[in-house]
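1. here you go, sequence then predicted model.
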Amino acid sequence: MGGMTAHPFDAPASQALLERALAVTPGGVNSPVRAFRAVGGTPRFMASGTGPYLTDVDGREYVDLVCSWGPMILGHGHPAVVEAVSAAVSQGFSFGTPSENEVALGEEIVARVEPVGQVRLVSSGTEATMSAIRLARGYTGRSLIVKFAGCYHGHVDSLLAQAGSGVATFALPDSAGVPKEMAAETIVLPFNDLAAVEEAFAARGSEIAAIITEASPGNMGVVPPAPGFTEGLRRITAAHGALLISDEVMTGFRCSAAGWYGLEGPYAAGAPDLFTFGKVMGGGFPAAAFGGRADVMALLAPVGPVYQAGTLSGNPVATAAGRATLQQCTPELYARLDEVADAITGALDTELGRAGVPHTIQRAGSMFSVFFRDGAVGNYDQARDQHVPAFAAFFHSMLSQGVYLPPSAFESWFVSGAHDDAAVDRIVSALPAAASAAAE
Ligand code: PLP
């Protein structure tokens, strides 16, 4: 089970665990991206992580370029985080009361992202975007939300809506189980297309509560906003009394100390009203947040009428991990992440070029991905217009050489401060064979 015939079973302990998992869990995984559906083969069950390396249950070591889909910016088991978590655990696990660690993490976030005056902590990025949208609706008294095709904001019902084509097309549900009435509250537009946004607002502007956008999308591969796009969203939303929600769950504290905003902002037209965060700010534990303008955040219960809550929100262990992680996110760390990304993308470009494989590599800070096609990618249609089988061949060659990539052509690769020269060399030396495999 679980393997496609092209990839004969070669990870016996993972395969055995997969079979146990399949008996109790749909697809054997607790989050669909972990399955190897897009590339075939047996998903590797990991037993441990140290620095830039993961070790699977078969005892094979991999250089990790997934980093838990973003959170592990310091690598696995960073001593400062281990120490902070151990200290927190020794004090108790969860109190269901306010505690100091959550205040400290809130302070770290507010100190880094200038337009964020107040934050509310939650446990996942999905909760952050779901709550930000409820808040935007509460603030504006409007229902419609604009999102962009190819942007993922977690599995919130109304945000699973996919692109139709054309402007102001009301989306059909992209997932079974999302009522069509709910999908109809979401307008899906092509990314990087300000004319489409203008047109949607000209038609329905007084009904639109917010635009939510990935600050720099990483969920269709890495597709940074074109110069002026975010600025344009700010201008249009402000003109129509709608809010702008910048989803920095992936980019926050990753692209820079202030996330994508730190690279592209401040904007002449003004900052986004609300931001969402997750991943890095939890350091590998469940912690996420939404925040922004203090006058908008003041609508949240218990101060205002927009309800939002969580039994484990601001959990003392998770917030200790997040705070310790953010404290290690120094200018030197970001410089190192960029250096590692430069080394890998440079070698990737060279080797794919040498093997004659059409490719385009795109970057947002140290986040990057490769599209198996020629020509820049600015939206989801272009991202999908690539040779996906080439990625699967590339992926399996890298895996067999001990490099763990995201098992999908539409995901960002993530590096960490623990990726030292030895780890980078292992990645680089695996590239020629993987590029040849992609060429076949
Ligand atoms: N927003 C963005 C941009 C994301 O990349 C993700 C997850 O990948 C989410 C929201 C959802 O976060 P979570 O998986 O923690 O619910």
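-> Okay, I see it.

2. tell me the secondary structure at Ala23.
-> Classification of Ala23 using DSSP: H, G, I helix; E, B strand; the rest coil returns helix.

3. make 880 the starting number, not 1.
-> Sure thing, new numbering starts at 880, so read that last one as Ala902.

4. how about the strands in the protein?
-> Counting by DSSP state E, the chain has these strands, from start to end: 925-929, 932-935, 940-943, 997-1001, 1023-1027, 1065-1068, 1087-1093, 1122-1126, 1153-1156, 1167-1171, 1239-1243, 1246-1250, 1282-1283.

5. now tabulate these in JSON lines and tack on mean neighbour count.
-> (Glycine included, C-beta is placed from N, CA and C.) Formatted as JSON lines, those follow (neighbours: other Cβ atoms under 10 Å):
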{"stretch": "strand 925-929", "mean neighbour count": "15"}
{"stretch": "strand 932-935", "mean neighbour count": "20"}
{"stretch": "strand 940-943", "mean neighbour count": "22"}
{"stretch": "strand 997-1001", "mean neighbour count": "23"}
{"stretch": "strand 1023-1027", "mean neighbour count": "26"}
{"stretch": "strand 1065-1068", "mean neighbour count": "26"}
{"stretch": "strand 1087-1093", "mean neighbour count": "26"}
{"stretch": "strand 1122-1126", "mean neighbour count": "29"}
{"stretch": "strand 1153-1156", "mean neighbour count": "30"}
{"stretch": "strand 1167-1171", "mean neighbour count": "28"}
{"stretch": "strand 1239-1243", "mean neighbour count": "20"}
{"stretch": "strand 1246-1250", "mean neighbour count": "25"}
{"stretch": "strand 1282-1283", "mean neighbour count": "22"}
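
6. the ones you listed into JSON lines, with extra columns for distance to the ligand?
-> Output for those, formatted as JSON lines (distance: least, Cβ to the nearest ligand atom, whole Å):
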{"stretch": "strand 925-929", "distance to the ligand": "18"}
{"stretch": "strand 932-935", "distance to the ligand": "19"}
{"stretch": "strand 940-943", "distance to the ligand": "17"}
{"stretch": "strand 997-1001", "distance to the ligand": "9"}
{"stretch": "strand 1023-1027", "distance to the ligand": "11"}
{"stretch": "strand 1065-1068", "distance to the ligand": "15"}
{"stretch": "strand 1087-1093", "distance to the ligand": "5"}
{"stretch": "strand 1122-1126", "distance to the ligand": "5"}
{"stretch": "strand 1153-1156", "distance to the ligand": "6"}
{"stretch": "strand 1167-1171", "distance to the ligand": "6"}
{"stretch": "strand 1239-1243", "distance to the ligand": "12"}
{"stretch": "strand 1246-1250", "distance to the ligand": "11"}
{"stretch": "strand 1282-1283", "distance to the ligand": "17"}
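
7. need the ones you listed in JSON lines (columns: mean pLDDT).
-> Output for the strands of the chain, formatted as JSON lines (pLDDT from 0 to 100):
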{"stretch": "strand 925-929", "mean pLDDT": "98"}
{"stretch": "strand 932-935", "mean pLDDT": "98"}
{"stretch": "strand 940-943", "mean pLDDT": "98"}
{"stretch": "strand 997-1001", "mean pLDDT": "98"}
{"stretch": "strand 1023-1027", "mean pLDDT": "97"}
{"stretch": "strand 1065-1068", "mean pLDDT": "94"}
{"stretch": "strand 1087-1093", "mean pLDDT": "98"}
{"stretch": "strand 1122-1126", "mean pLDDT": "98"}
{"stretch": "strand 1153-1156", "mean pLDDT": "98"}
{"stretch": "strand 1167-1171", "mean pLDDT": "98"}
{"stretch": "strand 1239-1243", "mean pLDDT": "98"}
{"stretch": "strand 1246-1250", "mean pLDDT": "97"}
{"stretch": "strand 1282-1283", "mean pLDDT": "98"}
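
8. indicate which one of those strands is closest to Ala959.
-> Across the strands of the chain, Ala959 has its closest neighbour in strand 925-929 (14.8 Å, Cβ to Cβ).

9. run through the neighbouring helices and strands of that closest one.
-> strand 932-935 (3 or more Cβ pairs under 8 Å, 6 or more residues apart in numbering; DSSP states H and E).

10. count the residues that sit near the residue in the stretch 880-1029 of the chain positioned nearest to the ligand.
-> Proximity of the stretch 880-1029 of the chain to the ligand (Cβ to the nearest ligand atom) peaks at Gly1004, 2.2 Å away. The local packing of Gly1004 (other Cβ atoms under 10 Å) involves 30 other residues.

11. before we move on, what about Lys1059?
-> 11.

12. and what of Asp1174?
-> Neighbours of Asp1174 under the rule other Cβ under 10 Å: 11.

13. report the buried residues of stretch 1172-1181.
-> By neighbour count with 16 or more other Cβ atoms under 10 Å, stretch 1172-1181 contains the buried residues Arg1172, Val1175, Met1176, Leu1178, Leu1179.

14. so who does Pro1104 touch?
-> Residues in contact with Pro1104, defined by Cβ atoms under 8 Å, 6 or more residues apart in numbering, are Phe1070, Asn1071, Thr1092, Ala1094, Ser1095, Pro1096, Glu1143.

15. shaky segments in this structure?
-> For the chain, the stretches with pLDDT under 70 are 880-888, 1041-1053.

16. ok, and what's touching the longest helix seen in the chain?
-> Identified as the longest helix of the chain according to DSSP state H is helix 1210-1233. With contact meaning Cβ under 8 Å, 6+ apart, helix 1210-1233 is reached by 944, 952-953, 1135-1136, 1238, 1240, 1242, 1244-1247, 1249, 1292, 1294-1296, 1298, 1303, 1306-1307, 1310-1311, 1313-1314, 1317.
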